[in-house]
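# Provide a 3D model corresponding to the input given below.
(one chain, ligands or ions: 2)
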Amino acid sequence: MSRTRLKLLAAFAAGVLAVALAQTWAARSWVERRDLAQARALLEREALWVAELLADRSFDPAHITELAGLAHDAAERTRARVSLIARDGTLLADSHVSLVQLERAEDHAARPEVRAALAGRTGFHARRSSTVGGQWLYLAVPHPDGAVRLARDRASLAGPLSELLGRLVWTGLVGSALAGLGLWLVTTRLWSAPLAQLRATLESLARGELDARVHLRAGGELGQVAGAVNRVGEQLELRLREISNEKEQLQAVLGGMVEGVLVLDSQGRIALANPRLRELFELRGELLGKRPIEAIRNAAIEVALAEAARSGAPVVRETAFGVGERRVLRVHAAGFASGAGRGVVAVFHDISDTRHLEAVRRDFVSNASHELKTPLTAIRGFAETLLSGGVPPEDSARYLGIILRHAERLSLLVEGLLELSRAESGQLALERMRLDVVEVARAVLQGLEGRLRERSLDASLSESGAAPALADHTALVQILENLLDNAIKYTPPGGKIELRVSADPHWVHVSVSDTGIGIPESHRARIFERFYRVDTARSRALGGTGLGLAIAKHLVQDLGGQISVESAPGAGSTFRFTLPRA
Ligand SMILES: Nc1ncnc2c1ncn2[C@@H]1O[C@H](COP(=O)(O)OP(=O)(O)OP(=O)(O)O)[C@@H](O)[C@H]1O
Ligand SMILES: [Mg+2]
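Ligands and ions are numbered 1, 2, ... in the order given. As a prediction, the model looks like this:
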């Protein structure tokens with residue numbers, strides 16, 4: 001039995017006992033009062049009758065024997081103790097006291113009922129008898145010579161009502177006990193079992209088993225409580241689902257972001273970091289709980305985060321980082337209230353590409369101006385000299401030749417720039433068609449035969465599983481010409497040039513290898529930029545503008561392919577590009 005049920009049982013037992021006791025006490029006192037009143041009335045009637053009977057008898061101590069007989073007679077008739085008392089209080093006769101004892105009896109004038117009767121009134125008193133012992137009721141009435149007193153043992157008074165009372169008390173006690181037991185059983189069934197179920201359900205909910213529910217068919221308050229508990233469970237389940245949905249969405253957003261996100265708690269420790277952040281800073285291992293300086297190790301970022309935590313305004317900083325500080329990051333950090341302190345949320349944008357593009361554009365303008373300025377200066381100088389006159393005829397022919405060369409270079413530059421700008425802006429009218437790449441390559445090589453021979457270079461073309469490509473003829477010719485032109489220019493006489501064509505299910509691969517001077521690693525990434533040359537003077541001496549690879553790269557990209565370079569300085573270079581298969 002559970003503690004609650006035991007307590008309930010004890011409470012019921014105490015309650016039943018208290019009610020029974022109170023009932024008994026009330027009934028008893030009522031019955032007693034009633035019995036007493038009845039007994040008193042009866043005693044009074046009998047006493048008056050005895051007094052009437054003895055009215056003409058004198059209470060003379062000389063007739064004590066006769067008086068004793070009378071008292072006995074009267075006692076017999078009334079079944080009460082009859083005492084005859086003289087005016088001075090002497091007990092003259094008493095039905096319950098022998099003549100011998102009578103002499104030793106004390107003076108009765110002091111007894112309250114006797115005092116009242118001697119004063120001419122009816123006197124009544126209930127007390128212990130000092131003469132015969134036991135509880136007695138005394139009633140005395142006046143007699144011309146003293147008083148007549150009747151007394152009855154209290155125990156003999158117990159009438160039918162008292163008996164009834166006894167039975168009533170017992171049946172009441174047993175009945176209340178039974179009723180109490182029944183009530184207790186019903187209550188425990190109605191309360192304890194449902195309460196136990198409620199408790200179990202609440203404990204399950206507290207443990208996180210949010211599908212726990214109370215199954216009660218009880219109505220009333222218990223039913224309402226059960227309903228409320230179930231609603232709490234439903235709400236908790238709903239909230240939890242909402243929270244986990246939100247969390248998933250947040251994870252998805254954070255996971256898909258191009259920007260790195262870092263959240264610091266009010267202690268300045270990492271509370272959240274998205275995958276992109278790890279990627280940006282190449283972070284591994286657990287980040288949560290660490291300080292940013294331990295993980296990211298960048299003083300500028302640390303300062304920006306600290307400033308955002310202090311001030312209310314967002315902080316924006318740019319910082320270079322990574323190997324050779326080649327990457328540029330912009331961090332936006334803002335503080336937010338977190339508990340008693342302030343947390344920080346910071347977003348990191350990698351703006352290296354933007355910065356690079358800006359630099360390329362700046363370089364392009366200055367490079368282009370510079371490239372154009374050199375031939376223009378030369379043309380202008382020689383033209384002015386010629387105009388000033390006095391130039392010997394043999395020199396003027398040479399000067400004119402120089403002017404022509406520079407003019408040709410100028411037009412080459414302008415042509416290249418125009419072409420590049422067309423390729424870059426996608427304005428080139430590319431006519432994609434099925435092309436036999438090997439065929440086109442062969443034709444281009446044929447066109448270059450003269451120059452190859454001039455520089456004693458050996459060129460070969462090979463194919464392995466080649467397939468037709470989907471490309472523009474002019475664009476392909478131009479790409480090949482630019483790559484072969486470089487190979488010729490940057491390979492010393494006696495060298496070898498190889499053109500290879502192959503294919504995979506999606507792409508046609510073309511490579512141009514030479515045994516030339518090669519390209520140092522540090523320049524490789526930039527040779528596809530406009531005007532970028534490893535050795536400007538050498539390139540220029542060879543008639544290069546530094547635009548060939550930039551144009552080739554744009555054309556390949558416009559056709560949907562990719563271009564790359566591998567090189568071993570001093571041993572040669574290999575340029576590869578792909579074109580989509582037809
Ligand atoms: N096959 C190669 N071997 C060695 N260096 C090369 C090779 N191809 C290109 N380069 C280097 O890359 C630079 C850029 O090449 P690009 O073709 O863009 O310009 P260019 O050949 O100098 O001029 P243009 O092609 O406009 O006449 C060259 O100046 C050269 O330094
Ligand atoms: Mg070139």
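
# so what's the backbone phi/psi at residue 137?
phi -110, psi 130 (degrees, to the nearest 10).

# beta partners for it?
For residue 137, the beta-bridge partners are residue 126, residue 152 (DSSP bridges).

# ok, so what distance separates it from residue 407?
Between residue 137 and residue 407 the computed distance is 160 Å (CB to CB, to the nearest Å). Just so you know, the C-beta spots here come from the backbone N, C-alpha and C atoms, and that holds for glycine as well.

# what mean pLDDT does the helix or strand hosting residue 163 have?
According to DSSP states H and E, residue 163 maps onto helix 160-187. The average pLDDT for helix 160-187 rounds to 77.

# Quick check: what element follows that helix along the chain?
helix 193-207.

# counting contacts, what elements does that following helix pack onto?
helix 220-256 (3 or more CB pairs under 8 Å, 6 or more residues apart in numbering; DSSP states H and E).

# buried residues in the helix it packs on?
222, 225-226, 229-230, 233, 254 (16 or more other CB atoms under 10 Å).

# Among those, which one lies nearest to ligand 2?
residue 254 (45.9 Å; CB to the ion).

# which residue packs closest to that closest one, ignoring adjacent ones?
Using CB to CB, 6 or more residues apart in numbering and skipping the chain neighbours, the partner closest in space to residue 254 is residue 274 (3.9 Å).

# State the distance from that neighbour to residue 173.
Counting by CB to CB, the separation of residue 274 from residue 173 is 79 Å.

# Then residue 544?
From residue 544 to residue 173 the distance is 125 Å (CB to CB).

# Compare the two (neighbour count), which wins?
residue 544 (20 against 17; other CB atoms under 10 Å).

# Name the secondary structure element that contains residue 380.
helix 352-387.

# Give me the helices and strands touching the helix or strand following that helix, please.
For helix 352-387, the following helix or strand on the C-terminal side (DSSP H and E) is helix 393-425. Applying 3+ CB pairs under 8 Å, 6+ apart, we find helix 393-425 packed against helix 352-387, helix 548-558.

# what's near enough to touch the residue nearest in space to the middle of the chain?
The residue lying closest to the centre of the chain (CA atoms, centre = their mean) is residue 243, at 6.5 Å. For residue 243, the contact set (CB atoms under 8 Å, 6 or more residues apart in numbering) is empty.

# ok, it to residue 329 distance?
Relative to residue 329, and taking CB to CB, residue 243 is found at 32 Å.

# same check, this time on residue 214
56 Å.

# how about the residue nearest to residue 562 when sequence neighbours are not counted, secondary structure?
Leaving out its chain neighbours, the residue that sits closest to residue 562 by CB to CB, 6+ apart is residue 578, at 5.5 Å. Secondary structure state of residue 578, per DSSP: H, G, I helix; E, B strand; the rest coil, is strand.

# tally of neighbours for residue 425?
Residue 425 has 9 nearby residues by other CB under 10 Å.

# ok, longest helix in the protein?
helix 3-53 (DSSP state H).

# which helices and strands sit right next to the helix or strand just after that one?
As assigned by DSSP H and E, the chain's next helix or strand after helix 3-53 is helix 64-78. Judged by 3+ CB pairs under 8 Å, 6+ apart, helix 64-78 is in contact with helix 3-53, strand 81-86, strand 91-94, helix 99-104.

# Any buried residues in helix 64-78, and which?
64, 67-68, 70-71, 74-75, 78.

# Report how many residues lie close to residue 507.
Considering only other CB under 10 Å, residue 507 is surrounded by 18 other residues.

# got a list of what it touches?
Contacts for residue 507 (CB under 8 Å, 6+ apart) come out as 561, 578-581.

# Let me see the backbone angles for it.
phi -130, psi 150.

# And for residue 456?
Residue torsions, per degrees, to the nearest 10, at residue 456 are phi 50, psi 50.

# right, and it touches residue 491 too?
No. Using CB atoms under 8 Å, residue 456 is not in contact with residue 491; the gap is 10.1 Å.

# Looking at the two, which has the bigger crowd around it?
More neighbours surround residue 491 than the other of residue 456 and residue 491, with 23 against 10 (other CB under 10 Å).

# any idea which element that one lies in?
Using DSSP H and E, residue 491 falls outside every helix and strand.

# For it, give me its contacts.
By CB under 8 Å, 6+ apart, the contact set of residue 491 is 455, 457, 497, 514-517, 572.

# Put the buried members of those residues into a ChimeraX selection.
Of the contacts of residue 491, the buried ones go into a single ChimeraX selection, burial set by 16+ other CB under 10 Å:
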select :457,497,514,515,516,517,572
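
# got the angle for the longest strand anywhere in the chain vs helix 352-387?
Longest strand in the chain by number of residues (criterion: DSSP state E): strand 327-338. Strand 327-338 runs at 140 degrees relative to helix 352-387, counting by axes from the mean of the first three to the mean of the last three CA atoms, to 10 degrees.

# what helices or strands is the helix or strand following strand 327-338 leaning on?
Toward the C-terminal end, the helix or strand that comes next after strand 327-338 (DSSP H and E) is strand 341-350. Contacts defined by 3+ CB pairs under 8 Å, 6+ apart place strand 341-350 against strand 260-264, helix 275-281, helix 299-310, strand 327-338.

# Just give the strands next to the last one in its sheet, each with its orientation.
For strand 327-338, the paired strands and their directions (DSSP bridges) are strand 315-321 (antiparallel), strand 341-350 (antiparallel).

# Out of those strands, which is the most enclosed?
strand 341-350 (a mean of 20; mean count of other CB atoms under 10 Å).

# Report the angle between that one and strand 260-264.
Regarding strand 341-350 and strand 260-264, their directions subtend 170 degrees when assessed with the same axes, to 10 degrees.

# Quick one: mean pLDDT for strand 341-350?
Computed over strand 341-350, the average pLDDT equals 93.

# repeat for stretch 328-335
Here the average pLDDT along stretch 328-335 is 93.

# Surely residue 391 and residue 384 touch.
No. Counting by CB under 8 Å, residue 391 does not reach residue 384; the two are 10.8 Å apart.

# more crowded one of the two?
Just comparing residue 391 and residue 384: by other CB under 10 Å the higher neighbour count belongs to residue 391, 15 against 9.

# show me what contacts that one?
By CB under 8 Å, 6+ apart, the contact set of residue 391 is 385, 399.

# State the three-state secondary structure for residue 509.
Of the three states, residue 509 takes strand under three-state DSSP.

# List the residues that contact whatever residue of the stretch 251-400 of the chain ends up closest to ligand 2.
Here the residue of the stretch 251-400 of the chain nearest ligand 2 is residue 371; by CB to the ion that distance is 13.9 Å. By CB under 8 Å, 6+ apart, residue 371 lies in contact with 413, 531, 545-546.

# Check the gap between it and residue 406 for me.
Counting by CB to CB, the gap from residue 371 to residue 406 is 12 Å.

# One more: residue 207?
89 Å.

# Low-confidence stretches in the stretch 201-350 of the chain?
Within the stretch 201-350 of the chain, no range satisfies pLDDT under 70.

# One more pass at 90, please.
Within the stretch 201-350 of the chain, the segments meeting pLDDT under 90 span 205, 208-212, 214-226, 279-285, 287, 292-300, 310-313, 319-328, 337-341.

# before we move on, the earlier item: neighbour count for residue 207 and residue 406, which is higher?
Taking neighbours as other CB under 10 Å, residue 207 and residue 406 compare with residue 406 leading, 19 against 9.

# Nearest residue to that one in space, ignoring adjacent ones along the chain?
Residue 406's closest residue in space is residue 375 (CB to CB, 6+ apart), at 3.8 Å.
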